[in-house]
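Participant: coords please:
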Amino acid sequence: MDSVRTPDSGTAEPSDTPAPAAAPSLGGKVRSAARWSLINTVVMRLGNFATGILLARFALGPAEWGVYGIAQTVLLVLLSANELGVGLAIVRWEGDARRFAPTVLTLSVLSSGLLYVALFAAAPTVAGLLGSPDAAGVLRVMCLCVVIDGVAQVPAGFLTREFAQGKRMVVDALNFVVSTSVTLLLAFEGWGAMSFAWGAVAGNVVTLIGCGLAAPGTLKFGWDPDQARALLRFGLPLAGASMLALAVVNVDTMVVGATLGNVALGFYVLAFNMSGWPVRIISEAARRVSFAGFSRLAESPQALAQGFSRALGVVITGTVPLCVLLACLAEPAIVTIYGDRWGPAAAALPWLMVLGLIRIGSELAYDCLVAIGQRRSLFLVQVLWLAALVPVLLVASRLNGIVGVSQAHVLVAGGLVVPVFLVALHRGGIGFGRVARACAWPFLGGAVMAAIVLGLQRLFGDGRLALLAISTIALAGYTLCVLPSRDFLRGVDRSDRPHHGRHRSSAPVRPPQEDMR
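Facilitator: Numbering: from 1, shown residues only. The predicted structure follows:
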């Protein structure tokens, strides 16, 4: 494992073993933060889901969604590198983060400002290369979020570091209300894709103000050359890996836009957004606490392996039923939710749901590998993934349109990237057996669930009541399949349970590290 250098004191020495009372406090913080994060994510995603239905049914067509998809893709790639990765130092390093926070803020604002200036100048060229010349203006407005996010990195990092997800939920709720209101108002006034851009800017301004108020005293500029060099040594590899990771997820949008046009891109973006529902609801909630949690356990390989396997088991168990339902009921789900004109998006959705499941596991593995210092491995994985994906996507889009693009994603991710991630985790002390144990029961339940859905759909048809009945029966079957893993998911060892009868006694105390799950 690479040594971690802090901006204050050079190479960080391994911390002493914490007192027994400290670890339960960490476990309590992680569990509380995870609950708040999950509530936050579910509420926000349900709100975004409802907003998307309104826009798709009554305000915007596939072409406008395509322009928005291009702008959103460019924005996400820029956000991955806008603060050069140094913002993660606020979360990762031990000690008083306020000592180097001013230098982090200065670096973040300088880099994000330079990125925006470069994009503003290149926007027409970028939009033209991606097959959407109309997206230039949308790009210039939406990517103002890069600058705003650069300023917000430090206070947001402190909220993550302290597991303050309750405060973050309030901030995100205000962001949602403002951004959604602006987007809907402008969309129904005929602003098209530009409504998304100004809505995003308004929401990010609210997030900046909210994070600044929730983490007071963190928006202070400063500069220390030694700290800056240490921060850049830490952050640049992570920024590069993060940019590559987002490029992997979003290069398909660029390929579809450039080869198939805005209308096909609109259908693809809708399908991809639907496939991202489980990713955003489950994975996003987990990732808001996973990196901080894994970082605290990085010095204890056994505790880290246990924490990762349980975290993987929880997110996979929660995600599989959503992925199976959307994959097996793709066409009726899209037509029912968005209307008949969006039906062509259904052909790509089953493959994208498989990709969504792979993304959830790989993102959790990414956070774990960052926490234990395997930055070089991450960078190589992302380079390999992107290098293999681009030519396969180009060929597949020509051969089979948006369905071919979806299939190409799954082929590269499942056949190449998953094995590489497994090897990297094994080198980090997390064996194949732990990963298999975390995934076995959910995958079995998913197979049973798919068989139930496909079998009952032939009998009951695609009516709304039929879909509800099919989904309920399938979920019941899935629940029965994953019940044997409930102790593992809760972090309960059966040998630790009290015995019934006259010899019953309290359960033995587990080592403090096992409280992290």
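Participant: Following element in sequence after the host helix or strand of Leu355, please.
Facilitator: Assigned by DSSP states H and E, Leu355 belongs to helix 349-371. Downstream of helix 349-371, the next assigned helix or strand under DSSP H and E is helix 375-412.
Participant: Buried residues, that following helix. List them.
Facilitator: Neighbour-count burial for helix 375-412 flags 375, 377-379, 381-382, 384-386, 388-390, 392-394, 396-397, 401-412 (criterion: 16 or more other Cβ atoms under 10 Å). All C-beta spots, glycine's among them, are computed from the backbone N, C-alpha and C.
Participant: quick one on the thing from earlier: the helix holding Leu355 - contacts with which helices or strands?
Facilitator: Contacts defined by 3 or more Cβ pairs under 8 Å, 6 or more residues apart in numbering; DSSP states H and E place helix 349-371 against helix 88-92, helix 225-260, helix 262-278, helix 284-297, helix 301-328, helix 330-338, helix 375-412, helix 418-427.
Participant: Which one of the ones you listed lies nearest to Arg161?
Facilitator: Proximity to Arg161, assessed across the helices and strands packed on helix 349-371 by Cβ to Cβ, is greatest for helix 88-92 (4.9 Å).
Participant: The helix or strand following that closest one packs against which elements?
Facilitator: Counting by DSSP H and E, the element after helix 88-92 in chain order, helix or strand, is helix 101-129. The contact analysis (3+ Cβ pairs under 8 Å, 6+ apart) places helix 101-129 against helix 62-79, helix 88-92, helix 135-142, helix 144-161, helix 225-260.
Participant: re the thing from before, out of the helices and strands packed on helix 349-371, which comes closest to Leu483?
Facilitator: Leu483 sits nearest to helix 301-328 of all the helices and strands packed on helix 349-371, at 10.7 Å, using Cβ to Cβ.
Participant: buried sites along the closest one?
Facilitator: 303-328.
Participant: one step back: CA atoms of the helix holding Leu355 as CSV?
Facilitator: Taking Å, rounded to 0.1, in the frame of the first residue of the first chain, the C-alpha atoms of helix 349-371 are listed here in CSV:
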residue,chain,number,x,y,z
LEU,A,349,-32.8,-0.8,-21.0
PRO,A,350,-32.3,-4.5,-20.1
TRP,A,351,-28.6,-4.4,-21.0
LEU,A,352,-28.2,-1.1,-19.2
MET,A,353,-29.7,-2.6,-16.0
VAL,A,354,-26.9,-5.2,-16.1
LEU,A,355,-24.4,-2.4,-16.5
GLY,A,356,-26.0,-0.6,-13.6
LEU,A,357,-25.5,-3.6,-11.3
ILE,A,358,-21.8,-3.8,-12.4
ARG,A,359,-21.4,-0.1,-11.8
ILE,A,360,-22.6,-0.4,-8.2
GLY,A,361,-20.0,-3.0,-7.3
SER,A,362,-17.2,-1.3,-9.1
GLU,A,363,-17.9,2.0,-7.5
LEU,A,364,-17.8,0.5,-4.0
ALA,A,365,-14.6,-1.3,-5.0
TYR,A,366,-13.2,2.0,-6.3
ASP,A,367,-13.8,3.8,-2.9
CYS,A,368,-12.2,0.9,-1.0
LEU,A,369,-9.1,0.9,-3.2
VAL,A,370,-8.7,4.6,-2.8
ALA,A,371,-9.0,4.3,0.9
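Participant: Look up phi and psi at Asp224.
Facilitator: Backbone torsions of Asp224, given as degrees, to the nearest 10, read phi -130, psi 110.
Participant: How many residues are close by it?
Facilitator: For Asp224, the neighbour count with other Cβ atoms under 10 Å is 16.
Participant: repeat for Leu46
Facilitator: Neighbour count for Leu46, taken as other Cβ under 10 Å: 12.
Participant: give me the element it is part of.
Facilitator: Short version, using DSSP H and E: Leu46 is in helix 22-58.
Participant: So for that helix, mean pLDDT?
Facilitator: The average pLDDT within helix 22-58 is 66.
Participant: now stretch 338-349
Facilitator: 91.
Participant: ok, residues contacting it?
Facilitator: With Cβ atoms under 8 Å, 6 or more residues apart in numbering as the test, stretch 338-349 has contacts from 53, 56-57, 61-62, 267-268, 270-272, 274-275, 326-327, 330-331, 333-335, 402-403, 405-406.
Participant: likewise stretch 415-432?
Facilitator: Contacts of stretch 415-432 (Cβ under 8 Å, 6+ apart): 1, 301, 304-305, 308-309, 358, 361-362, 365, 368-369, 372, 374, 377-378, 381, 384-385, 388, 435.
Participant: Tell me the buried residues in it?
Facilitator: Per 16+ other Cβ under 10 Å, stretch 415-432 contains these buried residues: Leu416, Val417, Val418, Phe421, Leu422, Ala424, Leu425, Gly428, Gly429, Ile430.
Participant: again, but for stretch 55-63
Facilitator: Under the neighbour-count criterion of 16+ other Cβ under 10 Å, stretch 55-63 has Leu55, Ala56, Ala59, Leu60, Pro62, Ala63 buried.
Participant: ok, the residues you listed vs Ala156, which is closest?
Facilitator: Leu55 (27.2 Å).
Participant: Not counting sequence-adjacent ones, nearest residue to that closest one?
Facilitator: Ala187 (5.7 Å; Cβ to Cβ, 6 or more residues apart in numbering).
Participant: any idea which helix or strand carries the one you found?
Facilitator: Assessed by DSSP H and E, Ala187 sits inside helix 165-188.
Participant: moving C-terminal of that helix, what's the next helix or strand?
Facilitator: Per DSSP H and E, the helix or strand that comes after helix 165-188 is helix 194-214.
Participant: Next, the angle helix 144-161 makes with that next one.
Facilitator: Going by axes from the mean of the first three to the mean of the last three Cα atoms, to 10 degrees, helix 194-214 is angled at 40 degrees with respect to helix 144-161.
Participant: Next, the buried residues of helix 194-214.
Facilitator: By 16+ other Cβ under 10 Å, the buried positions in helix 194-214 come out as 194-212, 214.
Participant: what does stretch 134-154 give?
Facilitator: Within stretch 134-154, the residues that count as buried by 16+ other Cβ under 10 Å are 134-154.
Participant: contacting residues for Phe196?
Facilitator: Residues near Phe196 by Cβ under 8 Å, 6+ apart: Tyr68, Ala71, Gln72, Val138, Met142, Thr183.
Participant: List just the nearest of those residues to Ala451.
Facilitator: Nearest to Ala451 among those: Gln72, at 36.1 Å, using Cβ to Cβ.
Participant: Next, count neighbours for that closest one.
Facilitator: By the criterion of other Cβ under 10 Å, Gln72 has 22 neighbours.
Participant: That one reaches Cys145, doesn't it?
Facilitator: No - using Cβ atoms under 8 Å as the test, Gln72 is too far from Cys145 to be in contact (10.2 Å).
Participant: for Cys481, phi and psi?
Facilitator: Main-chain dihedrals, Cys481, degrees, to the nearest 10: phi -70, psi -30.
Participant: how deep is Met44 tucked in, by neighbour count?
Facilitator: By other Cβ under 10 Å, 20 other residues sit near Met44.
Participant: That one contacts Leu174, doesn't it?
Facilitator: No - using Cβ under 8 Å, Met44 makes no contact with Leu174, being 11.1 Å away.
Participant: Can you check which of the helices and strands packed on helix 349-371 gets nearest to Ala127?
Facilitator: helix 225-260 (9.4 Å).
Participant: Can you give the distance from the closest one to the centre of its chain?
Facilitator: Offset of helix 225-260 from its chain centre (Cα atoms, centre = their mean, to the nearest Å): 14 Å.
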